[in-house]
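**Student:** Provided below are the primary sequence and the corresponding predicted coordinates.
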Amino acid sequence: MQIDYVALGPELLLTGVICAVLLIDLFLPPERKWLAMPAAFVGVLSTLGFVLFLAGEARSTLDGMFVVDPFSVLFKAVFCVATLIVFVISHDYLQEDDIHQGEYYTLMLCSLLGMLVIASSRDLIPIFVALELISVPAFVLAGLRKKDLKSNEAALKFFLFGVLSTAVMLYGMSLVYGITGTTNLTRIGLVLSAQPVFRSIAVLSVFFIIVGFGFKVSAFPFQWWVPDTYEGSPVPVAAFLSVASKTAGFVGLLQIMYIAFGGLADVWRPFIAIVAVLTMTFGNLVAMQQKHLIRLLAYSSIGQAGYILLPLGVASATDADLNQQAFVAAIVYLLIYAFMETGVFAVAIAAGRRGGGYLVDDYSGLATRSPGLALAMTIFLFSLAGVPPLAGWAAKLFVFLAVIKAGSVWLAVAMAVNTVIALYYYASVVKRMWIDKPATERPKVQIPALLGTAITLTAVIVVIVGIFPDLFGQLATLSTLF
Amino acid sequence: MDWVKEWGPTTAVFLPAVGAVILALLPKQQERAIKAAGVLISGAALLVGLAVLGVYRFGEAGMQLEKDVSWIPSIGARFHVGLDGIALPMFILSLLVTFLCMIYALWHIPDPGNPKLFIALCLLLETGMTGTFIALDLVLFFIFWELVLVPMYFLIGIWGGPRREYAAIKFFLYTLFGSVFMLLGFLALYFQSTPHTFDILVLQSEGVLDLPISTANLIFGGLFLGFAIKVPMWPFHTWLPDAHTEAPTIGSVLLAAILLKMGTYGFLRIAIPILPDAAQNYAPLIGLLAVIAIVYGALNCLAQTDLKRMIAFSSVGHMGFVMLGIATMTDVGFNAAVYGMVSHGVITGMLFFLAGSIHERYHTREIPELGGMSLKIPVLAGLLAYSAIASLGLPALAGFWGEVMALLSAYNPAAGLSQTTFRTFMVIGGIGTVLTAGYFLWMLQRVNLGRVPDKWKDRKFADVHPLELMAWAPLLALIFVLGVYPRLMFDVTNSTVLELAKPFLR
C-alpha cells in the first residue's frame, strides 16, 4: 500500500517536535527549563505552516482512513493556533507556579497531535486512537500541580469520567462494526442507509457514541467533571481543555454524525436537540450561582457547548441545504469560541497573578486598577454573551439562522431565553470590574509582555470578526464535509 | 455635495465611534481637553448631519442618500443605509441631542467623574442611535439597535443613583429579551422571502414575501415584543421608571429623547411596511395597550413624589399617544406618531435636563420638599413651567400636535379597523390628556409656586448657568417653533407617510 507521506506531514513533523522538546528538556539546567516553551512554540508554528501548505488539497491515504480536505485543514489550523495561544499564556504562569515545564509542553504537544489526527480521520479506529491521545495527556496535565489536593481531584475526576465514557463509546463502535462489517465512516454510512435490518442496533450504537463525545464536549448529563477539573487544573490547562480539547470532541462528533450516521439523522436529531437545550440551560443556570471565576467560566463553557451542539439538533437525512447551513453554524461557532474563550482565560491568568485571586469578588474595581485588562475582559465576556458587534454575536447569528431555517421555533426560543439568562452572569462580572469598589486596597496589575500580546491579539480578533463575520463565515462555507 | 450624498449619513454615524476610540488615547487627566473633544466630535457629526439636511430633497417619497455595500455575503446581509421622511427627523434629532448633552457635560459630570469614559460611552451611544435610524438591512439594524445597550448599561451602572446596579441590569436584560425575539423574527423574514434577503426595502416590495397570515402574525409577534419593550408599551414598561430615575441626567435625556423612539421607529420602518396584514390584525391590540399606557402613565404620575420618576412615567403616557397614532394605520396617525416622537424627544429631553439641574442644586428631587422655586431661581423655574406646559399639550407648543392628531386619527382609523373600538380609544385617550394636564399643573404648583420651605430659606442657589442655557436653547426654541409651525415637520414626513399608509387604504 502506498502511503502519502505529504498528507501525514504535519503529524509526522509534530511527532518529531515532541521528541525534540522532551530531549531538550533533559539537557536544560533548572533555571533554563523555560526554553522548552520557545522550542515547542516554534515546533507548533512550523506544523501550522505545513498544515497551511496543505490548504486546498484533497488527499486520501491509508485506505481512506486519513484524508486531507478543507475541513481537516481548517481545524488543524485552529488547533495549532489555539495551542500557540495557550503556550503564550502558560509561560509566566508556569514560571511562577513552579510546574515542570518540559513535561507540560510535551504533554500538551501530544494532545495536539491527537487533535491533528482526529481532524483527518474518516475511520472509527483512528478516531478512537486520536481521542485517547487527546485525553490521556490531558488527564496528567490536569493533575500537574502535584501538591495541590484540588489538582489531584481534578485529574482523578477527569480520568474516571473519561475512562467510563470512552468505554461506552468503544462499545458503541464495536456494535457498529458488528452490523456493518467496516470501520470506515463513508462505508458505514452506505451500509446503514442500504440495510434497514439492524436499525435498532445501529440506533443503540449511535447513542453510545454520543455519550462518549458528550463527555468530551461537556454536554449534559456528562458534564459533571468540568467545573471541578477546570478549577483544580492549572489555569492554562483549563483554557486548553475548554478550547482545544472541546473543539476536538466536536470535530469528531461532526464527522461521525454526518458521514457515518447521516442517514439516521431523523432518529438522533431530537435526542441531540434535547441534549443541547438541557446543556445550555444547565450551564447557564448554574453559572449564575458561581463565586469562583474559573468555575463560572466552566459552567459558561458548558452553556456554550449547548449552543454549538444545537445546529446538530436540526440535522436532516435528506435536506443537504439545511445540513450545510447547520454545519457552517457549528464551524463558525467553534472558530469564534476558540478566540473568545482563550481570551477570557488569558485575562483570568493575568488578573489572578501574584495573589490577584480567581474569585469573582477579586475583580471588584479592576477597571480602576487596570483599565486595559478590564476592557479586554469586558469584550470577551460580552462576546461570550453574544452582544453585538462582538464575534460571539455572529456565532449565535449563524446558529439562529440554521435553527430558523429548519423551522424549529422552539429550539430558537430556548436558545434566545438562554442568551438572556447568560447575559446576567457575564454582566455581573462586568459590573464588578466597572461599578463596584474593591473591598481592600489592591496593587495595580502588572501584565507580562507575552500575556499582554495574547490578550490584545485575541481581543482585536473578537472585535474585527464581530464587525466582519464573513472572515470566518467564508472559511466555514468552504470547509464543510458536503 | 456629491460626497455628502454618497457618504454623509455613514460619516455622521461612524464619526462619533471613531472619536470615542481616539478619545481613549488621550490621557485621563486632561479632563477639559476630553470634554472639549466630546463637544467637537459630536459637533462635527451634527455638522455632517446638517449637510445631509442640505442635500435632502424634501417632499419626495422614497429613500434618499442611499448607500448599499456588500458586508456579509455568506448570509446576504449588506451595509445598506438611507434616509426618508421618517428616518430624517430622528436622525437629526439624535445628532442634535447628543451634541447638546456634550455641551451640558462641560458643565457637569456626576460622580464618580471619569469624563473620558463617560464621553466615550456617549459617543458610542450616538453611533448606535443614529445608525439605527438609517439602517435598511435587518442585520445592520439589529447591530446598531444592540450597540446602544452596552453604553447605556454603563452610563446607568457607573454614574447612576443609589439603585443603579438594579436599574442597569434590568434595562439590559429586559431589552435584550425583547431584541432576541425580534432577531428571530428577522431571521424568519429572511427565510420566508424569495430570494432570501435581509433588505428592508426589498422585503416590502410586491411578491418577495408571500406568507400565510398565521406565519405573518407569528413573526409580527416577535418583532412586536422587541419594539414594544423598547417603546415601552404597557405592560412592558417596568424597566423604564427604574432606568430613568437612576440614570445620570445625560443618560435620562438620551434615553427619553432618542432610545425610546427606536421602538416606535421599528414599527414604522420594519414591522408595519413589511407585514401590513399582520399589522392590521395587531392594530386593535396595539391601540388598546396604547390607551392603557396613556391612562396608566397619567395615574402613576399623580402618585409620584420623585420629579424624575414622574417625568419617566409621563413618557409612558406620551409614547402611548405615539402608539395610538400608529395603531390607526392612517396617514394622519403616522404623521402624528413621527411628530409625537420628535416633540416628545425635545420636550422630555428638556424636562430631564431640568430635573437633573434641579437635583444638582437642591440635592433632592422630592416634589413635596421643593417649593417656591420661582422665588429662589426664577429662570430655571420659568423654564420648568414652559417645558411642563409644552408637555401637557398646550396649543402653540410642540406637545400639542402629536397628541391632538393622534386622537384625531383614532376617530377615523384605517378601513379594515373597527371604528367603534378606535373611537372608544379616542375618548379614553382624551381623558388621559386631562389627567396629563392635571399632574403637570399640580407638579408646577408644588415645585414652583407657594412659599419657600424653611430649610431652603437661607440657602443660595445659582440660577441657570450659561453652559446650561447653551445646551438648552435649541430645545427651547424647537419647542416653540414646532408648536407654531408644525408644517416644518409635516413637510418632511408627509410624502413618506402617505406611501406607508397606502396598503391600508383599501
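**Tutor:** Done, it's in. Numbering: from 1, shown residues only, chains lettered A, B, ... in the order given.
**Student:** Distance of the residue in the stretch 151-300 of chain A positioned nearest to chain B relative to residue A:425?
**Tutor:** Per C-beta to the nearest C-beta, residue A:288 is where the stretch 151-300 of chain A lies closest to chain B, at 11.9 Å. C-beta: built from backbone N, CA, C; applies to glycine. Distance of residue A:288 to residue A:425, computed by C-beta to C-beta, to the nearest Å: 5 Å.
**Student:** what's the burial count for the closest residue to chain A within the stretch 201-350 of chain B?
**Tutor:** Residue of the stretch 201-350 of chain B nearest chain A, by C-beta to the nearest C-beta: residue B:218 (7.8 Å). By the measure other C-beta atoms under 10 Å in any protein chain shown, the count of residues near residue B:218 is 16.
**Student:** tell me which element it is part of?
**Tutor:** helix B:213-230 (DSSP states H and E).
**Student:** distance of the residue of the stretch 201-350 of chain B closest to chain A from residue B:337?
**Tutor:** Residue B:218 sits 25 Å away from residue B:337, going by C-beta to C-beta.
**Student:** Does residue A:76 touch residue A:121 like I think?
**Tutor:** No. Using C-beta atoms under 8 Å, residue A:76 makes no contact with residue A:121, being 11.7 Å away.
**Student:** ok, now which ones touch residue A:420?
**Tutor:** Counting by C-beta atoms under 8 Å, 6 or more residues apart in numbering or on different chains, residue A:420 touches B:173, B:176, B:177, B:180.
**Student:** now swap in residue A:367 and tell me
**Tutor:** Contacts here follow C-beta under 8 Å, 6+ apart; on that basis residue A:367 touches A:374, A:375, A:433, A:434.
**Student:** Only whichever of these are buried, select them in PyMOL.
**Tutor:** Selecting only the buried entries of the contacts of residue A:367 in PyMOL, with 16 or more other C-beta atoms under 10 Å in any protein chain shown as the criterion:
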select buried, chain A and resi 374+375+433+434
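**Student:** re earlier: more neighbours: residue A:76 and residue A:121, which one.
**Tutor:** Set residue A:76 next to residue A:121 and count neighbours by other C-beta under 10 Å: residue A:76 wins out with 29 against 25.
**Student:** In space, what's closest to the more buried one - neighbours in sequence excluded?
**Tutor:** Closest residue in space to residue A:76, ignoring its immediate chain neighbours: residue A:51 at 4.5 Å, by C-beta to C-beta, 6 or more residues apart in numbering or on different chains.
**Student:** do the same with residue B:177
**Tutor:** Spatially, and ignoring its direct neighbours in sequence, residue B:177 is nearest to residue A:420 (4.8 Å; C-beta to C-beta, 6+ apart).
**Student:** got the angle between the helix or strand where that neighbour lies and helix B:213-230?
**Tutor:** Per DSSP H and E: residue A:420 is located in helix A:409-434. Angle of helix A:409-434 versus helix B:213-230, following axes from the mean of the first three to the mean of the last three C-alpha atoms, to 10 degrees, is 10 degrees.
**Student:** Could you list the residues of chain A in contact with chain B?
**Tutor:** Applying C-beta under 8 Å from any C-beta of the partner chain, we find that chain A lies next to chain B at A:328, A:382, A:387-389, A:393, A:397-398, A:400-401, A:404-405, A:409, A:412-413, A:416-417, A:419-420, A:423-424, A:427-428, A:431, A:434-435, A:468-470, A:473-474, A:476-477.
**Student:** Can you say which of the residues you listed are buried?
**Tutor:** By neighbour count, with 16+ other C-beta under 10 Å, the residues of chain A next to chain B hold A:328, A:382, A:387-389, A:393, A:397-398, A:400-401, A:404-405, A:412-413, A:416-417, A:419-420, A:423-424, A:427-428, A:431, A:434-435, A:469-470, A:473, A:476-477 as buried.
**Student:** Does residue A:240 touch residue A:142 like I think?
**Tutor:** No. Using C-beta under 8 Å, residue A:240 is not in contact with residue A:142; the gap is 9.7 Å.
**Student:** if I look at the two, which residues touch both of them?
**Tutor:** The contact sets of residue A:240 and residue A:142 do not overlap (C-beta under 8 Å, 6+ apart).
**Student:** which SS class is residue 80?
**Tutor:** This is for chain A. Following DSSP: H, G, I helix; E, B strand; the rest coil, residue A:80 is assigned to helix.
**Student:** oops, chain B please
**Tutor:** Each residue gets one of three states, and residue B:80 gets strand by three-state DSSP.
**Student:** who does it bridge with?
**Tutor:** Using DSSP bridges, the beta-bridge partners of residue B:80 come out as residue B:68.
**Student:** Could you count how many residues lie near residue 9?
**Tutor:** Picking chain A for this. The local packing of residue A:9 (other C-beta under 10 Å) involves 16 other residues.
**Student:** switch to chain B, that's the one I care about
**Tutor:** By other C-beta under 10 Å, the residues close to residue B:9 number 29.
**Student:** Please identify the helix or strand for it.
**Tutor:** Using DSSP H and E, residue B:9 sits in helix B:2-25.
**Student:** Give me the contacts around that helix.
**Tutor:** The contact list for helix B:2-25 (C-beta under 8 Å, 6+ apart) reads B:34, B:37-38, B:41-42, B:44-46, B:48-49, B:51-52, B:54-55, B:65, B:67, B:81-83, B:91, B:95, B:98, B:116, B:119-121, B:123-124, B:126-127, B:130-131, B:134, B:144.
**Student:** Any quick ChimeraX command for the buried ones out of those?
**Tutor:** Selecting just the buried residues from the contacts of helix B:2-25 in ChimeraX takes one command, with 16+ other C-beta under 10 Å as the test:
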select /B:34,37,38,41,42,44,45,46,48,49,51,52,65,67,81,82,83,91,95,98,116,119,120,121,123,124,126,127,130,131,134,144
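**Student:** Going along the chain, name the helices of the stretch 51-200 of chain A.
**Tutor:** Counting by DSSP state H, counting those that start in this stretch, the stretch 51-200 of chain A has helices at residues A:70-97, A:101-120, A:124-142, A:149-180, A:185-194, A:199-216.
**Student:** Tabulate those helices in CSV, adding columns for distance to residue A:16 and mean pLDDT.
**Tutor:** As requested, these are exported to CSV (distance: least, C-beta to C-beta, whole Å; pLDDT from 0 to 100):
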stretch, distance to residue A:16, mean pLDDT
helix A:70-97, 15, 91
helix A:101-120, 10, 93
helix A:124-142, 16, 93
helix A:149-180, 28, 91
helix A:185-194, 29, 87
helix A:199-216, 27, 89
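**Student:** Single out the most deeply packed of these.
**Tutor:** Mean neighbour count (mean count of other C-beta atoms under 10 Å in any protein chain shown) peaks for helix A:101-120 among the helices of the stretch 51-200 of chain A, with a mean of 25.
**Student:** ok, back up a step: now, which of the contacts of residue A:367 sits nearest chain B?
**Tutor:** Distances from chain B to the contacts of residue A:367, taken by C-beta to the nearest C-beta, are shortest for residue A:434, at 5.9 Å.
**Student:** Buried ones in stretch A:53-67, by neighbour count?
**Tutor:** Neighbour-count burial for stretch A:53-67 flags A:54, A:61, A:62, A:65, A:66, A:67 (criterion: 16+ other C-beta under 10 Å).
**Student:** Does the last one touch residue A:123 like I think?
**Tutor:** Read that as residue A:67. No. The pair residue A:67 / residue A:123 is not scored as a contact, 9.6 Å apart, by C-beta under 8 Å.
**Student:** how many degrees apart are the helix or strand encompassing residue A:302 and helix A:409-434 in direction?
**Tutor:** Secondary structure assigned from DSSP H and E places residue A:302 in helix A:293-309. Calculated by the same axes, to 10 degrees, helix A:293-309 forms an angle of 150 degrees with helix A:409-434.
**Student:** now chain A, which segments are flagged as low pLDDT?
**Tutor:** For chain A, applying pLDDT under 70 flags the ranges A:196.
**Student:** hmm, 80 instead?
**Tutor:** A:1, A:97-98, A:195-198, A:354-356, A:438-445, A:480-482 (pLDDT under 80).
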